[in-house]
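A.B. asks: Turn this into a model:
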Amino acid sequence: MKGRRSLGWRFGWLWAAYAVSSFGTRLAFDAFSMIAILALGAGTTRVALISAVGLAVGAVAAVPLGPWVEFRRKRPVMIAMDVVRFGALVSVPAAYALGLLGFAHLLLVSAVVAAADITFTAASGAFLKALVPPRDLLVANGRFESTTWTATMLGPPLGGAAVGLFGPVLTVLADAVSYLLSAIGIKAIGGEEPLPERGDTSRGMRAGDLLDGWRFILADPVLRPLFLNTVLVNGLIMAATPPLAVLMLGDLGFAPWQYGLAFALPCLGGLVGARLGRFLVPKHGQRGVLLAAGTLRACWPVGLAFIGHGAAGLVLVMVVEFALITCIGVYNPVLSTLRLERAPADRVTRILSAWSVTGKTTVAGMTALWGLLAAVTGPRAAIAGAGLIMLATPLLLPWHDRARRRTPAETGSA
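C.D. replies: Model (predicted):
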């Protein structure tokens, strides 16, 4: 068996920057919700609003940034977005220390961070496509996915312990510092990055450019169903998160460290899934892997509606999350690779930006809706509703193999 494939030292710096910011983010897992619940005394509806309003405003603000970033060097944009996220997040502990932290402040920071997240993700995807040979894209995306789940496994327990000892504001400060370190890592990548060429240099950005990413996605017979499925699935998973936090931290009385642990250990499944993808794709093709993993991941979330008190409740959460995360760990890097392969070089940023904007807007709307639903029916019924709808999401996967362009990963040339 061949040893670990090297993708070069420049990718190493990009990977390191991604790792440190991912760890900071997962250390602050649900920190805003915890601040709202524990420090500001917010209920289910206001907790949901933090995620919903912040994401929605951030997504709208990010819409014009996709076309703007497309024809600019991506690394300076990535550094700038890291600095913006650092500044926004560090304002939370500063305001808390001064006794000025309020609900509106959390909403504003959430929106700024959401817009910066979308812009960074779009720029980094285009940068990765230019940095790594096509045959190595699945390996690179698999490493990012493994890093995500490693950070998710280690971050929440440590973050939960920190919340228990020092309060949730400290974890927000750690998250802010992680973005500053990420900016330093991206700066260290070095090398010359050519300025992307605009096909028509006689005009500036037009209103129609804002829709180019969506036009391409919706016209592509492979990306369109994957786009619709992924947006809905992610929306349902995230919409159930605030009711789940209220159920576990409030109604069922779990401690913050128990809440973190319940979502940390199952992340081992993400590591397993991320490694499986590169072995499954040569045998079954990208489409086959996406169909299988996309169908299996829909089967598990409904189980979260049956959480009870004590150790049995924690075990149930861990089992459901392990199965779900394993499927996601397989699905995500294969989808990310397919998306980059099908995106023309001069549209990558707009496509990724459109995908992220839609995803975050959907999460925002569904989170707000599920917050209201949880307020009326209770958090357990809201979680059950999201799980039942999830069971139907495989219908949106690309079951009809029409007008499909085979990619290098599917032909085995990787």
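A.B. asks: Not counting its neighbours along the chain, what's nearest residue 247?
C.D. replies: Nearest in space to residue 247, with sequence neighbours left out and distances taken as C-beta to C-beta, 6 or more residues apart in numbering, is residue 379 at 4.1 Å. (Glycine included, C-beta is placed from N, CA and C.)
A.B. asks: Sorry, wrong one. I was asking about residue 267.
C.D. replies: Residue 267 sits nearest to residue 153 (C-beta to C-beta, 6+ apart), 3.6 Å away.
A.B. asks: quick one on the thing from earlier: check the spacing between the residue nearest to residue 247 and residue 241 real quick.
C.D. replies: 11 Å (C-beta to C-beta, to the nearest Å).
A.B. asks: who touches residue 233 in this structure?
C.D. replies: By C-beta atoms under 8 Å, 6 or more residues apart in numbering, the residues touching residue 233 are 294, 297, 298, 390, 393.
A.B. asks: for it, phi and psi?
C.D. replies: With angles defined as degrees, to the nearest 10, residue 233 sits at phi -60, psi -50.
A.B. asks: what's the host helix or strand of the residue nearest to residue 267 packed up against?
C.D. replies: Using DSSP states H and E, residue 153 sits in helix 137-166. Helices and strands touching helix 137-166, by 3 or more C-beta pairs under 8 Å, 6 or more residues apart in numbering; DSSP states H and E, are helix 9-27, helix 31-34, helix 103-131, helix 169-188, helix 256-264, helix 268-296, helix 310-342.
A.B. asks: nearest to residue 90, of those?
C.D. replies: helix 169-188 (4.2 Å; C-beta to C-beta).
A.B. asks: now for that closest one, which elements pack on it?
C.D. replies: helix 9-27, helix 31-34, helix 74-97, helix 137-166.
A.B. asks: try it again with 6 Å
C.D. replies: Other helices and strands packing on helix 169-188, by 3 or more C-beta pairs under 6 Å, 6 or more residues apart in numbering; DSSP states H and E, are helix 9-27, helix 74-97, helix 137-166.
A.B. asks: any idea how far residue 212 is from the nearest residue to residue 81 once chain neighbours are set aside?
C.D. replies: Counting by C-beta to C-beta, 6+ apart, residue 120 is the residue found nearest to residue 81 once chain neighbours are left out, at 4.0 Å. Counting by C-beta to C-beta, the separation of residue 120 from residue 212 is 20 Å.
A.B. asks: Give me the more crowded residue out of the two.
C.D. replies: residue 120 (27 against 20; other C-beta atoms under 10 Å).
A.B. asks: wait, that one sits on residue 82?
C.D. replies: No. The pair residue 120 / residue 82 is not scored as a contact, 7.0 Å apart, by C-beta atoms under 6 Å.
A.B. asks: ok, back up a step: so what's the residue count around the residue nearest to residue 267?
C.D. replies: The burial count for residue 153: 20, using other C-beta under 10 Å.
A.B. asks: Then residue 191?
C.D. replies: 8.
A.B. asks: what helix or strand does it sit in?
C.D. replies: Per DSSP H and E, there is no helix or strand for residue 191.
A.B. asks: if I look at it, how far off is residue 340?
C.D. replies: 20 Å.
A.B. asks: likewise residue 229?
C.D. replies: 18 Å.
A.B. asks: Could you do residue 264 as well?
C.D. replies: 29 Å.
A.B. asks: low-confidence ranges in this structure?
C.D. replies: 1-5, 38-39, 41-45, 48, 51, 197-210, 401-414 (pLDDT under 70).
A.B. asks: could you redo the last one with a cut-off of 80?
C.D. replies: Flagging of the chain using pLDDT under 80 yields the residue ranges 1-6, 29-63, 65-66, 155-168, 191-210, 256-257, 260-261, 364, 368, 400-414.
A.B. asks: Perfect, I'm done here.
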